[in-house]
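Structure of the sequence below:
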Amino acid sequence: MENSKEEQWNNPQPVRQENKKIVAGVLAILLGSLGVHKFILGYTTEGIIQLVISVITCGIGSIIGLIEGIIYLTKSDEEFYQTYQVNKKGWF
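Reported below is the predicted structural model:
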């Protein structure tokens, strides 16, 4: 029993927040013009900008959402987590 506790201290498991890759990717593809995926990731300013762009351009902003959704879903889980949840990269 003593050994297992010692092993746990020597090899701790990293504590991570929930990876939102699938949710953000699917919402970006389906509702990209509304910026919902930005709000899910905690990017309020970027979400508002996305929504305003879509309203002003009559929905052309949805192309940005589609591209971002594809980018989100093609990244590995770790790459997505590091890029968008840890480093907070707001666009593409």
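
State the distance from residue 71 to residue 58.
Distance of residue 71 to residue 58, given as C-beta to C-beta, to the nearest Å: 24 Å. Any C-beta I mention is one placed from the backbone N, CA and C, and that applies to glycine too.

Which SSE is immediately downstream of the lowest-mean-pLDDT helix or strand in the chain?
Least confident helix or strand, the chain: helix 2-10 with a mean of 53, by mean pLDDT, DSSP states H and E. For helix 2-10, the succeeding helix or strand toward the C-terminus, using DSSP states H and E, is helix 21-31.

Average pLDDT for that following helix, rounded please.
Average pLDDT, helix 21-31: 92.

And stretch 60-77, what's buried?
61-62, 64-65, 68-69, 72, 75 (16 or more other C-beta atoms under 10 Å).

where's residue 78, which helix or strand?
If you go by DSSP H and E, residue 78 is part of helix 77-80.

Give me the contacts around stretch 84-92.
Here stretch 84-92 makes contact (C-beta atoms under 8 Å, 6 or more residues apart in numbering) with 17, 19-20, 24, 38, 41-43, 45-46, 67-68, 71-72, 83.
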